[in-house]
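Peer 1: I would like the atomic coordinates for the input below:
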Amino acid sequence: MEEGFFEMWGNPVLVREPSGNQVKANHLQWQRAANTVVVLGAEDNPSETLYHPTKLVPTPRPRGRKP
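Peer 2: Numbering: from 1, shown residues only. Below you'll find the predicted structure:
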């Protein structure tokens, strides 16, 4: 492990918040200095992210095309 860099492998690796938000993949990289999590899936094991908003937001309407 490099300083400020942490990698996790699994089948799958699952990171879950108490609110229910979660990221699942076979390889995660946590770059501590940048406060970034990189999710790396594989062809036979794609990544998956589930996000549960705390406040519902209306879905935007599609915009029409301009001629």
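Peer 1: which residues touch stretch 9-17?
Peer 2: 22-28, 37, 45 (C-beta atoms under 8 Å, 6 or more residues apart in numbering). For glycine as for every other residue, the C-beta is placed from the backbone atoms N, C-alpha and C.
Peer 1: where in the chain is pLDDT low?
Peer 2: Residue ranges of the chain with pLDDT under 70: 1-3, 52-53, 57, 65-67.
Peer 1: the strands in it, which residues?
Peer 2: 5-16, 22-31, 36-40, 48-50 (DSSP state E).
Peer 1: distance to Leu56 added to those, as CSV?
Peer 2: Output for the strands of the chain, formatted as CSV (distance: least, C-beta to C-beta, whole Å):
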stretch, distance to Leu56
strand 5-16, 21
strand 22-31, 19
strand 36-40, 25
strand 48-50, 16
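Peer 1: could you identify which of those strands is most buried?
Peer 2: strand 22-31 (a mean of 18; mean count of other C-beta atoms under 10 Å).
Peer 1: to the chain's geometric centre, what's the distance from that strand?
Peer 2: Chain-centre distance of strand 22-31: 7 Å, with C-alpha atoms, centre = their mean, to the nearest Å.
Peer 1: what's it packed up against?
Peer 2: Where contact means 3 or more C-beta pairs under 8 Å, 6 or more residues apart in numbering; DSSP states H and E, strand 22-31 is packed against strand 5-16, strand 36-40, strand 48-50.
Peer 1: what does that strand rub up against?
Peer 2: 4-16, 36-42, 45-50.
Peer 1: what angle do that strand and strand 5-16 make?
Peer 2: 170 degrees (axes from the mean of the first three to the mean of the last three C-alpha atoms, to 10 degrees).
Peer 1: direction included, what does strand 22-31 pair against?
Peer 2: strand 5-16 (antiparallel), strand 36-40 (antiparallel), strand 48-50 (antiparallel) (DSSP bridges).
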